[in-house]
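Kindly generate the corresponding structure for this input.
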Amino acid sequence: MLEDDTQALARGLNRRDPDLLDRLIEEYQYRLFRYLIYLTGNREHAEDFFQETWMRVLERAHQYNGKWKFEAWLFTIARNLVIDWQRKKKPSSLDELMSPGDDAPAFEPAALAEQSPLERAVQQQSDSTVQVLLGRVPAVFREVLMLRFQEEMKLEEIASITGTPISTVKSRLYRGIEALREMLPERRV
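This is a model prediction of the structure:
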């Protein structure tokens, strides 16, 4: 069934179906924007890359063949745009994309309506702590952590997006988790 869905999606993209594109933007806008903020560390840059990513989707719709999930293809386009921008800006690695000292504004998702004010306050404090800690993790690990735990992608999909072997993804995931673990305050019982 999933294969039929991706094939239908590929055909719709090849036809440049505007309704399909609207549905895709609506479905992936939050996740894509959040990913771009993590990669760039800057809301304005993330907005620019968000627009450019969808322009590339339109321009290169014929390249999507349905063999991979659409989200993996979409995130790969976004990632490559950011890397190209970084290369033009100055030669550096993804590791140096956002140094821990950068004070980038955190992207805050809309609060759930059914949460009480106390639950929202606790969640915001927890999200803020996670944002601060993730900001201290090297970008190459932060990207894999975000794709795995926030975007709930499989290791194979992350490998496809990052253009690295699964063993490298596993290593980065492990090292990222270890980096976070070292930063967590010890819990006292």
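
Could you pull up the mean pLDDT of the longest helix belonging to the chain?
When the chain is parsed with DSSP state H, its longest helix is helix 18-40. For helix 18-40, mean pLDDT is 88.

ok, residues contacting it?
9, 12-13, 43, 45-47, 49-50, 53-54, 57-58, 70-71, 74-75, 78-79, 82, 94, 97-98, 104, 107, 109, 134, 139, 142-143, 146-147, 150-151 (C-beta atoms under 8 Å, 6 or more residues apart in numbering). Heads up, the C-betas are built off the backbone N, CA and C, glycines and all.

got it, and stretch 172-183?
Contact with stretch 172-183 is made by 133-134, 136-138, 140-145, 148, 155, 164, as judged by C-beta under 8 Å, 6+ apart.

what's the answer for stretch 74-84, then?
By C-beta under 8 Å, 6+ apart, the list of residues contacting stretch 74-84 from outside reads 24, 28, 32, 35-36, 39-40, 49-50, 52-53, 56-57, 60, 94, 97, 143, 147, 151, 160-163.

CA-only coordinates of it in CSV, if you can.
This file holds the C-alpha atoms of stretch 74-84, laid out as CSV (Å, rounded to 0.1, in the frame of the first residue of the first chain):
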residue,chain,number,x,y,z
LEU,A,74,12.2,16.6,0.8
PHE,A,75,14.6,16.8,3.8
THR,A,76,17.5,15.8,1.5
ILE,A,77,16.7,18.8,-0.8
ALA,A,78,16.5,21.1,2.2
ARG,A,79,19.8,19.8,3.7
ASN,A,80,21.6,20.2,0.4
LEU,A,81,20.5,23.8,0.0
VAL,A,82,21.9,24.6,3.5
ILE,A,83,25.2,22.8,2.8
ASP,A,84,25.5,24.7,-0.6
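
Buried residues in that stretch, which are they?
For stretch 74-84, burial by neighbour count (16 or more other C-beta atoms under 10 Å) applies to 74-79, 81-83.
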